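Enquirer: need coordinates for the following:
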Amino acid sequence: MSYSLAEVAHLITHDAEITAVGRDLPLSRASMLQDATVLREHFGDYGRAAAELLNARRSSVDKLPAGWLACHDSAQQATPLPVAKVRAAHLKAMLGDTATAHDVTCSIGTEGQALAEAGLGYLGSDLDPSRTRMARHNLAETPHTLIFQADALVPATRGADVILADPARREGGRRITDPAKLIPPLPDLIDAWPGSELAIKCAPGLDFSKWEGMVSLSSVAGAVKEACLYTPGLSNGARREAIMIDRTGQVDRLDDRLDQRAGEDLAAAPGRFIIDPDGAVVRAGLVRHYAVRERLWMLDERIAYLTGDRLPEGRSGFEFIEQVPLKKLKGALAAHDCGSLEILVRGVDVDPDQLRKKLKLRGSKAMTVVCTRIGSLGVALICGPRVGGTTVEGKTA
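Expert: Numbering: from 1, shown residues only. All right, here's what the predicted structure looks like:
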């Protein structure tokens, strides 16, 4: 729930006091009513807004800069700053050092900070006046920015080098899966800015098959965060891209221009390790390209598991032990003295929770099983526990 303008003004004025009171509150689901009572005692009718601000900050501690104003919905949809910085660097490389971006759904201003840090000009607008007020507060010390209220479907500026947009992906607490039902609708947004270069953020699970430019999927620490649709002028000749950002901020980029060998048959028997590619690679449809780059191969041409004799640097995987039919998994795990199990499933109808109950593990070893399909057969790949990090001469460091 967003704030009224009066609530935003109160939050700005009393931010330090709200923060101080919040330090002594559990801010958990179980303490919700008790927290609300304490905050009403301190802030009266603004207690609800204070509670929402504290919870939004707590839930986005690794996503937003400390001290930013945000409501629950804006914090949930806000792009993680590392992803926004990669996008800003891409736009700068495509458009030049003096480019200006108009973010027509600026919300609380996450993209503005990243673009300004990259040295680009930033215009931010939003239909919600409380969001633009929060953005002005959040970006008050950020140079080359201008924030104002406007409808994303009614162009309020001319001459921006790129139109950046992030249509709302949820309504009434439910995720929107139809691009035509995003807020604003994706087709209407495209039609509103004819001839402009566009960078439109979307949920990663939408169907992008008809998009003519590049679709870039981003993950942070292995979790897929968003897709960004770039018009052809911002695509640098690529159609699909995966951006993988690790916990330290290191960026690994992969796109479909890599190697023509990605079209060859890459399937073969399991090697030393089984690798579950980063979700951004899978969502971008770049599993084969990743295999080529990392000198890996596939277990099955249609299934997104990889295998090889080394782990890609900085990635985790599982040392392969043996392959058995799914029906013989229980006996095989018992023979290996398995007592705890990580279960991965792709390509077969297996519920990990139900499978775990049926296995009734009683051993002492931690192991992994990859339930998948190779050809027409459902198989279980029994592996050791997850190993990962850097690799040195084929061994996990």
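
Enquirer: now do the contacts for residue 117.
Expert: 85, 88 (CB atoms under 8 Å, 6 or more residues apart in numbering). Any C-beta I mention is one placed from the backbone N, CA and C, and that applies to glycine too.

Enquirer: revised request: answer the last question for residue 182.
Expert: Counted by CB under 8 Å, 6+ apart, residue 182 has contacts 167, 168, 169, 176, 189, 202.

Enquirer: what pLDDT does it get?
Expert: As predicted, residue 182 sits at a pLDDT of 89.

Enquirer: could you do residue 76 as well?
Expert: Value listed for residue 76 in the pLDDT field: 89.

Enquirer: which residues touch the closest residue in space to residue 360 that isn't next to it in sequence?
Expert: Excluding the flanking residues, the one nearest residue 360 by CB to CB, 6 or more residues apart in numbering is residue 330, at 7.6 Å. Counting by CB under 8 Å, 6+ apart, residue 330 touches 358, 359, 360.

Enquirer: residue for residue, what is the longest strand the protein has?
Expert: Looking across the chain with DSSP state E, the single longest strand is strand 377-389.

Enquirer: other SSEs contacting it?
Expert: strand 315-325, helix 329-335, strand 365-374, strand 395-396 (3 or more CB pairs under 8 Å, 6 or more residues apart in numbering; DSSP states H and E).

Enquirer: mind checking which of these is nearest residue 342?
Expert: Between residue 342 and these, the tightest spacing by CB to CB is seen for strand 365-374, at 4.4 Å.

Enquirer: follow-up on the earlier one: out of the contacts of residue 330, who has the most neighbours?
Expert: residue 359 (16 neighbours; other CB atoms under 10 Å).

Enquirer: surely that residue touches residue 329?
Expert: Yes: under the criterion of CB atoms under 8 Å, residue 359 makes contact with residue 329 at 7.1 Å.

Enquirer: domain-wise, how is the chain divided?
Expert: The record assigns the chain these domain ranges, following automatic domain parsing: 5-59, 81-255, 261-396.

Enquirer: tell me who's in contact with the residue positioned nearest the centre of the chain.
Expert: Nearest to the mean C-alpha position of the chain, by CA atoms, centre = their mean, lies residue 225 at 0.9 Å. Residue 225 makes contacts with 79, 80, 83, 204, 218, 219, as judged by CB under 8 Å, 6+ apart.

Enquirer: wait, a helix at the fourth one?
Expert: No: remark: residue 204 does not belong to a helix; assigned using DSSP: H, G, I helix; E, B strand; the rest coil, it is coil.

Enquirer: now it: how far from residue 243?
Expert: 12 Å (CB to CB, to the nearest Å).

Enquirer: joint contacts of the two?
Expert: Contacts common to residue 204 and residue 243, judged by CB under 8 Å, 6+ apart, are residue 217.

Enquirer: which of these two has more neighbours?
Expert: Ranked by neighbour count (other CB under 10 Å), residue 204 and residue 243 place residue 243 first, with 26 against 20.

Enquirer: pLDDT wise, what is the more buried one at?
Expert: Here, the pLDDT recorded for residue 243 equals 98.

Enquirer: what is it paired to in the beta sheet?
Expert: Beta-bridge partners of residue 243, counted by DSSP bridges, are residue 218, residue 253.

Enquirer: for residue 301, see how far away it is.
Expert: The spacing between residue 243 and residue 301, counted by CB to CB, is 25 Å.

Enquirer: and the helix or strand residue 48 falls within, what's buried?
Expert: Residue 48 belongs to helix 47-59 when assigned by DSSP states H and E. Neighbour counts over helix 47-59 (16 or more other CB atoms under 10 Å) mark 47, 49, 50, 51, 52, 53, 54, 55, 56, 57 as buried.

Enquirer: from the chain's centroid, how far away is that helix?
Expert: 23 Å (CA atoms, centre = their mean, to the nearest Å).

Enquirer: pLDDT of that helix, averaged?
Expert: What helix 47-59 shows for mean pLDDT is 95.

Enquirer: stretch 203-212 now?
Expert: The model assigns stretch 203-212 a mean pLDDT of 89.

Enquirer: show the end-to-end separation of that stretch, please.
Expert: End-to-end distance for stretch 203-212: 17 Å, by CA to CA, to the nearest Å.

Enquirer: repeat that for stretch 224-239.
Expert: With CA to CA, one end of stretch 224-239 sits 18 Å from the other.

Enquirer: likewise for stretch 176-188?
Expert: Stretch 176-188: ends 16 Å apart by CA to CA.

Enquirer: buried residues in that stretch?
Expert: 176, 179, 182, 184, 185, 186.

Enquirer: before we move on, what about stretch 15-25?
Expert: Those would be 18, 21, 22, 25, for stretch 15-25 by 16+ other CB under 10 Å.

Enquirer: stretch 339-354 too?
Expert: Those would be 341, 343, 344, 346, 347, 350, for stretch 339-354 by 16+ other CB under 10 Å.
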